[in-house]
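> Structure for this input, please:
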Amino acid sequence: MLRTQALSKAALSKYELNDFVNDRYDKIENNLQVVRRKLNRPLTFAEKVVYGHLDNPEAQEIQRGVSYLNLRPDRVAMQDATAQMAVLQFISSGLPTTAVPTTIHCDHLIEGTTAPQADRNNKYGGEADLEFAKNVNKEVYDFLSSAGSKYGMGFWKPGSGIIHQIVLENYAFPGGMMIGTDSHTPNAGGLGMCAVGVGGADAVDVMAGLPWELKAPKVIGVKLVGKPSKWTSPKDVICKVAGILSVKGGTGAIVEYFGPGVAELSCTGQATICNMGAEIGATTSMFPWSQKQYEYLVATSRENIAKLAKDFSENLKADEGAEYDQVITIDLSTLEPQINGPFTPDLAHGLTEAGGAACGWQRAGGAGVPPGPPLGAYPWQWGLSVVPPSPSLLLLVDGGVVNTLPNSGLSSRRFGEAVRKNGWPVELSAGLIGSCTNSSYEDMMRAASVAKQALAAGIKAKVPFTISPGSEQIRATIERDGLIEVFEKVGGTVLSNSCGPCIGQWRRTEVQKGTPNSIITSFNRNFAARNDANPATHAFVTSPEIVTAFAIAGDLTFNPEKDTLVGADGKEIMLEPPSGDELPQRGYDPGEETYQAPAGAQANVVVDPASQRLQILTPFDKWNGKDLEDALVLIKVKGKCTTDHISMAGPWLKYRGHLDNISNNMLIGALNSENGKVNSIKNQLTGEYGAVPDVARAYKAAGKPWVVIGDENYGEGSSREHAALEPRHLGARAVVVKSFARIHETNLKKQGLLPLTFADPADYDKVGPFDKIAIKGLTSFAPGKPLTLEGTRPDGSTYSFQVNHTFNQNQINWFKHGSALNAMKAAHEGA
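Take a look at the predicted model:
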């Protein structure tokens with residue numbers, strides 16, 4: 001047995017010199033001895049890491065997709081938008097300090113600009129945006145800084161970079177486990193870490209020293225063979241996987257990459273793939289130990305961890321003969337650049353391929369492809385909600401009706417052809433690179449290699465072109481190596497080291513809202529109105545080098561592998577495939593120091609009672625011990641309903657620490673099945689139509705409980721727990737849908753709500769928008785025991801049917817106490 005204590009000590013990070021990776025590896029090894037004895041079979045890499053973090057392996061039942069595991073993560077990371085509520089909840093727990101290493105990262109609250117702004121002295125871009133953010137968010141930054149200092153949390157100041165890049169550079173290590181309050185936390189899987197996006201309540205549990213509960217994930221294996229060439233990049237791997245598995249095909253599973261092709265991808269490229277794995281609903285994604293990971297650890301000043309991981313590498317890869325629940329094989333040699341979208345990240349198109357994942361639509365009862373949306377139309381009103389393919393069927397939502405079509409009837413198109421035939425705006429209006437998904441040194445260098453070719457021919461970008469560095473370290477390094485100069489000469493605007501437009505923090509004043517237009521980004525998510533709050537913006541995601549080429553051409557039908565550009569001298573040029581170093585030859589330049597270490601209990605934390613940004617939480621009410629009766633249907637949602645629809649980001653981010661204020665955005669993006677409108681529902685007490693939050697407040701004031709009825713994959717997208725907190729705050733009792741996204745379902749449970757699913761999805765059609773709902777069986781609520789929904793229509797007729805749940809006994813305890821936080825506090829006080 002490997003005893004890592006005999007090897008050189010490797011600190012978790014340069015900021016946590018008294019915590020050691022050696023101790024984590026010993027715990028994994030000891031746990032796996034127990035697990036191997038119990039399971040008596042080969043283990044996948046994902047299983048080794050997950051089961052290696054079991055709280056009590058001897059007592060733990062282990063069955064993929066069935067058992068609930070109690071786990072002990074190594075650390076917690078929180079971004080500033082979600083950290084506000086998580087820290088407020090932690091303060092409510094009454095505990096003096098966090099039980100595990102925890103960090104806060106200021107990356108979400110910085111608004112990006114690409115044109116002069118009056119409130120920035122007619123300036124725009126990175127420096128102006130950062131200075132503006134520091135002023136307008138000072139109250140929040142001061143709160144997070146002081147709370148972090150008092151309760152033992154490291155604090156990364158605004159301008160330090162995006163949470164996931166900071167974690168990769170400083171905290172991720174092979175075989176580790178972390179949770180983060182952001183859905184793209186799996187980025188750390190590029191360094192072999194089991195990194196899972198969660199809601200703030202889960203983070204609070206771990207910070208408080210409680211085990212973290214996770215349903216034992218299934219494991220999807222993606223075998224990589226061959227070697228990428230020309231314009232193909234790691235981003236194309238995950239775009240292709242998204243096209244195969246769909247936005248919910250990874251739900252309840254860890255995606256584990258393996259095979260000889262792994263060695264052909266850089267560590268940061270592996271992180272890109274894991275990052276966007278969030279778009280297929282996966283619990284997380286992971287890459288096994290490789291030389292590329294060793295090299296990245298050394299390059300980021302963690303050679304001790306690199307050497308330790310190399311000695312521990314037998315536990316950092318799958319056993320021979322390990323079995324996966326599903327296997328996908330991707331040949332990197334034949335994989336070509338992928339461009340996904342619009343309006344959903346799983347609509348994959350090859351740049352030139354004629355086969356592959358479906359990328360067109362057919363209407364029920366007729367052939368042809370729908371035209372572009374009418375001016376100002378929401379894509380979900382346009383029928384652009386796609387439920388991706390099964391092996392034999394493709395389900396498309398057309399005007400709210402699910403149509404079943406033979407998969408063979410929908411052939412893929414080359415991207416340019418798809419653009420023209422679908423009537424998507426051909427002329428680009430912007431190209432954006434960076435974000436947490438694609439902002440590594442390699443990404444920036446490959447994109448710059450394309451830009452250099454254009455400059456040599458006297459060509460500049462034809463559309464606004466932005467660059468978002470992932471961290472201060474990346475920004476400083478690419479500035480030193482001349483890449484920023486290249487981007488600026490080609491017409492680019494360098495934004496701050498933050499999320500910016502990727503999460504909707506983009507004050508886009510150049511395009512009027514409602515104007516159909518196309519943008520192309522290296523981001524991860526492209527839901528309607530996601531980037532610029534304009535529902536008519538067609539957003540496509542791809543690699544940074546393809547984005548750069550398209551921004552230079554200004555045309556969505558441009559194919560850099562076949563088409564030419566016209567230089568300043570009138571001569572045609574063909575762009576050469578991009579090139580770039582995986583790691584900087586001169587090493588990384590750390591740039592400005594932006595980390596604040598915790599000071600301890602002497603720090604003072606103050607929240608102004610009159611604040612409009614922060615609000616001390618009031619505990620939710622406990623369950624009354626009775627079945628739910630006479631609940632009103634607040635809204636029956638039609639089609640796609642992501643956490644962006646339930647709790648929008650953008651300008652609402654400033655209220656993330658004030659539950660009552662941010663609740664004014666609850667479900668304002670969801671489509672009402674009754675009238676086909678957003679943010680317009682009938683108040684059943686007055687008969688008048690009003691905004692969703694206003695009607696919910698009216699019901700709450702009248703003491704009327706209410707429920708939400710929803711469609712497939714309800715709550716997909718960001719991990720934001722506000723999408724659960726807001727309904728609970730405004731009086732919701734249950735959310736009944738066809739299916740849930742994993743994180744959102746857990747978040748609802750954490751806040752004392754009932755996330756329920758139709759046993760028969762067709763029962764969705766039985767529920768009317770003005771029915772009264774009862775949920776029977778709560779007095780005997782038990783794991784695995786279905787509940788009954790009884791409905792009464794306005795005419796007095798009734799119906800009933802079974803609804804299912806996934807509650808275990810501990811989660812039922814949360815429900816009975818009114819929330820997981822209430823249950824935790826009760827247990828702490830009773831100890």
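
> Now residue 476: closest residue in space that isn't a chain neighbour?
Counting by CB to CB, 6 or more residues apart in numbering, residue 476 lies nearest to residue 591, which is 3.0 Å off, once chain neighbours are set aside. In short, each C-beta sits where N, CA and C put it, glycine included.

> before we move on, what about residue 321?
Nearest one to residue 321, counting by CB to CB, 6+ apart, is residue 42 at 4.4 Å.

> residue contacts, the one you found?
318-323 (CB atoms under 8 Å, 6 or more residues apart in numbering).

> mind putting those in JSON lines, pLDDT included?
Shown next, in JSON lines, are these (pLDDT from 0 to 100):
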{"residue": "318", "pLDDT": "98"}
{"residue": "319", "pLDDT": "98"}
{"residue": "320", "pLDDT": "97"}
{"residue": "321", "pLDDT": "96"}
{"residue": "322", "pLDDT": "97"}
{"residue": "323", "pLDDT": "97"}
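
> before we move on, the earlier item: close enough to count as contact, the residue nearest to residue 476 and residue 473?
Yes - judged on CB atoms under 8 Å, residue 591 makes contact with residue 473 at a distance of 5.7 Å.

> and the two? which has more neighbours close in?
Under the neighbour definition other CB atoms under 10 Å, residue 591 and residue 473 were set side by side, and residue 473 has more, 25 against 20.

> check which helix or strand covers the more buried one.
helix 472-480 (DSSP states H and E).

> other SSEs contacting that helix?
helix 441-456, helix 483-489 (3 or more CB pairs under 8 Å, 6 or more residues apart in numbering; DSSP states H and E).

> Provide the secondary structure category for the residue nearest to residue 321.
coil (DSSP: H, G, I helix; E, B strand; the rest coil).

> Which residue ranges of the stretch 451-600 of the chain form strands?
For the stretch 451-600 of the chain, applying DSSP state E, counting those that start in this stretch gives strands covering 465-468, 492-494, 506-507, 517-521, 537-541, 565-566, 572-573, 595-596.

> Which neighbours in the sheet does the last one have, and how are they oriented?
Strand 595-596 has the following strand partners under DSSP bridges: strand 153-156 (antiparallel).

> Can you show me the CA trace of whatever helix or strand comes next after the partner strand as CSV?
Helices and strands here follow DSSP H and E; after strand 153-156, the next one along the chain is helix 163-170. Output of helix 163-170 as CSV, limited to C-alpha atoms (Å, rounded to 0.1, in the frame of the first residue of the first chain):
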residue,chain,number,x,y,z
ILE,A,163,-13.1,31.5,-10.3
HIS,A,164,-12.4,28.4,-12.4
GLN,A,165,-9.2,29.7,-13.8
ILE,A,166,-8.0,30.7,-10.4
VAL,A,167,-8.9,27.3,-9.0
LEU,A,168,-7.0,25.5,-11.9
GLU,A,169,-3.9,27.7,-11.4
ASN,A,170,-3.8,27.4,-7.6
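
> In the helix holding residue 473, which residues are buried?
Of the residues in helix 472-480, those buried by neighbour count under the rule 16 or more other CB atoms under 10 Å are 472-478.

> And stretch 308-320, by the same measure?
By 16+ other CB under 10 Å, the buried positions in stretch 308-320 come out as 308-309, 312-313, 315-319.

> what does it rub up against?
The contact list for stretch 308-320 (CB under 8 Å, 6+ apart) reads 2, 4, 7-8, 10, 21-22, 25, 28-29, 32, 42-45, 48, 52, 173-175, 192, 256, 258, 288-289, 293-294, 297.

> May I see the ChimeraX selection of the buried members of those residues?
Buried residues among the contacts of stretch 308-320 (16+ other CB under 10 Å), as a ChimeraX selection:
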select :4,7,10,21,22,25,28,29,32,43,44,45,48,52,173,174,175,192,256,258,288,289,293,294,297
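
> From residue 470, how far out is the most centrally placed residue in the chain?
Among the residues of the chain, the one closest to the centroid is residue 183, at 3.0 Å (CA atoms, centre = their mean). Residue 183 is 17 Å from residue 470, where distance means CB to CB, to the nearest Å.

> show me where pLDDT drops low in this structure?
Along the chain, the model assigns pLDDT under 70 to residues 1-7, 353-413, 831.

> And for it, the residue most distant from the center?
residue 569 (45.1 Å).

> That one is in contact with residue 458, isn't it?
Yes - taking contacts as CB under 8 Å, residue 569 lies within contact range of residue 458: 6.8 Å.

> List the residues that contact the residue farthest from the centre of the chain.
457-458.

> Over to it: give its phi and psi.
phi -90, psi 10 (degrees, to the nearest 10).

> related to what we said a few turns ago, right, so the helices and strands packed on helix 472-480: which one is the most enclosed?
helix 441-456 (a mean of 23; mean count of other CB atoms under 10 Å).

> how distant is that one from the center of its chain?
Centroid separation for helix 441-456 versus its chain: 28 Å, with CA atoms, centre = their mean, to the nearest Å.

> and residue 431, how many neighbours?
Using other CB under 10 Å, residue 431 has 30 neighbouring residues.

> Need the nearest residue in space to it, chain neighbours excluded.
residue 551 (3.0 Å).

> now do residue 95
residue 208 is the one closest to residue 95 (CB to CB, 6+ apart), at 5.5 Å.

> which residues touch the one you found?
Counting by CB under 8 Å, 6+ apart, residue 208 has contacts 90, 93, 95, 98-99, 824, 828.

> I'd assumed residue 779 was in a helix, is it?
Yes - under three-state DSSP, residue 779 falls within a helix.

> how close does it get to residue 623?
Residue 779 is 10 Å from residue 623, by CB to CB.

> Who has more neighbours out of these two?
Neighbours around residue 779 and residue 623, counted as other CB under 10 Å, are more numerous at residue 623. The numbers are 18 against 8.

> distance of the more buried one from residue 817?
8 Å.

> hey, what's in contact with both of those two?
residue 752.

> roughly how far is the helix of greatest length in the chain from the heart of the chain?
Taking DSSP state H as the criterion, the chain has its longest helix at helix 21-39. Here the centre of mass of C-alpha atoms in helix 21-39, compared against the chain's by CA atoms, centre = their mean, lies 30 Å away.

> Quick check: what element follows it along the chain?
Counting by DSSP H and E, the next helix or strand C-terminal to helix 21-39 is helix 45-51.

> counting contacts, what elements does that next one pack onto?
By 3+ CB pairs under 8 Å, 6+ apart, helix 45-51 packs against helix 21-39, strand 68-71, strand 194-197, strand 253-258, strand 284-286.

> Tabulate these in CSV, adding columns for distance to residue 136.
Converted to CSV, the helices and strands packed on helix 45-51 look like this (distance: least, CB to CB, whole Å):
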stretch, distance to residue 136
helix 21-39, 39
strand 68-71, 38
strand 194-197, 27
strand 253-258, 39
strand 284-286, 34
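
> out of those, nearest to residue 579?
Closest of the helices and strands packed on helix 45-51 to residue 579 is strand 253-258, at 23.9 Å (criterion: CB to CB).
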